[in-house]
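> Fold the following and give me the result.
(4 chains)
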2 protein chains.
Amino acid sequence: MNQPLPADLFHDPDCSDRAQPIRVGGKWTAVVLRCLEDGRPRRFSELRVPLHWITPKVLTETLRTMERDGFLTRTAYDENPPRVEYALTALGRSLIDPLDAACAWARAHVPEITEARTAYAQGG
Amino acid sequence: MNQPLPADLFHDPDCSDRAQPIRVGGKWTAVVLRCLEDGRPRRFSELRVPLHWITPKVLTETLRTMERDGFLTRTAYDENPPRVEYALTALGRSLIDPLDAACAWARAHVPEITEARTAYAQGG
DNA sequence: TAGCCCAGTACCGTTGAAGTAACCAGGTGC
DNA sequence: GCACCTGGTTACTTCAACGGTACTGGGCTA
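Numbering: from 1, shown residues only, chains lettered A, B, ... in the order given. The predicted structure is shown next:
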């Protein structure tokens, strides 16, 4: 794990919770987008850090799905130990805008939702 | 069923498929938002039409969740036969903007995703 | 008195996403 | 000969979302 990323810098709590009404892809897709949005390719184990030590199986699934949909590229280098790098494509970068919109909405309105849930739970 | 709504007017195929990368709420939340965005309250069975005859159980679940989160109000009238009306709150209306953004993104980029999936399936 | 109307509820099953734990290969260093 | 590195895979389990069928209640109409 050379130079681990500062974990919570990329891990916007407004975008990752299943309870949020707007979701981009699977549970981890938005976080992967945030990790890669600066354009620098990152390695498998580098991605695990900001993703809170997500298990390799789940990360593999997430990355394969995003690769299949054309959101990122996977480049394997024939070295030892093996090195694989993931980077966003143009299509992947195009998701950043609606993701920002969703995050902005969440930041502005999640307190209202919390309030509404509390009132609902009390009022029956 | 007095004056059934024109079904597919509200049922934007770009926003309803589980395969779409941006999702607002559950599978049916976006469609309910579309049904109610003109501001006119609608009845339970009126909502079932544009939702492709969704079963009452699933519609109840969707509406209860949206009510709990403060996206819509439920008003029951003490009449016979019973009448219940659903209408968006201000918070619910505030979701329309990011929903439009998500739909716009989908309309612009879904063909690319389809293409990427085909290429991925063929290229291995 | 039989059935219809509306707005659900009860019960049950299926599906898919997510998570855990264990294991693997090929090469390096001790 | 053994552990360690990276980048995974495999098998198994758990959980929530989604869906179908059947049924309810209270007043109304035929």
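> Neighbours of residue A:88, how many?
Using other C-beta atoms under 10 Å in any protein chain shown, residue A:88 is surrounded by 23 other residues. Heads up, the C-betas are built off the backbone N, CA and C, glycines and all.
> give the contact list for the residue nearest to it when sequence neighbours are not counted.
Nearest in space to residue A:88, with sequence neighbours left out and distances taken as C-beta to C-beta, 6 or more residues apart in numbering or on different chains, is residue A:36 at 4.7 Å. Residue A:36 makes contact with A:42, A:72, A:86, A:87, A:88, A:92 under the criterion C-beta atoms under 8 Å, 6 or more residues apart in numbering or on different chains.
> So what does residue A:64 look like in phi/psi?
Note on residue A:64: its backbone torsions stand at phi -60, psi -40 [degrees, to the nearest 10].
> show me what contacts it?
Applying C-beta under 8 Å, 6+ apart to residue A:64 gives no contacts.
> State the distance from the residue nearest to residue A:88 to residue B:120.
Look at residue A:36 and residue B:120: by C-beta to C-beta, to the nearest Å, they are 19 Å apart.
> Repeat that for residue A:86.
15 Å.
> ditto for residue A:108
37 Å.
> Also residue A:123?
According to C-beta to C-beta, residue A:123 and residue B:120 sit 49 Å apart.
> same check, this time on residue A:118
On the measure of C-beta to C-beta, residue A:118 and residue B:120 end up 45 Å apart.
> neighbour count winner among the two?
Neighbours per residue, other C-beta under 10 Å: of residue A:118 and residue B:120, the larger number sits with residue B:120, 14 against 10.
> which non-adjacent residue is nearest the more buried one?
Per C-beta to C-beta, 6+ apart, closest to residue B:120 is residue A:68, 4.5 Å.
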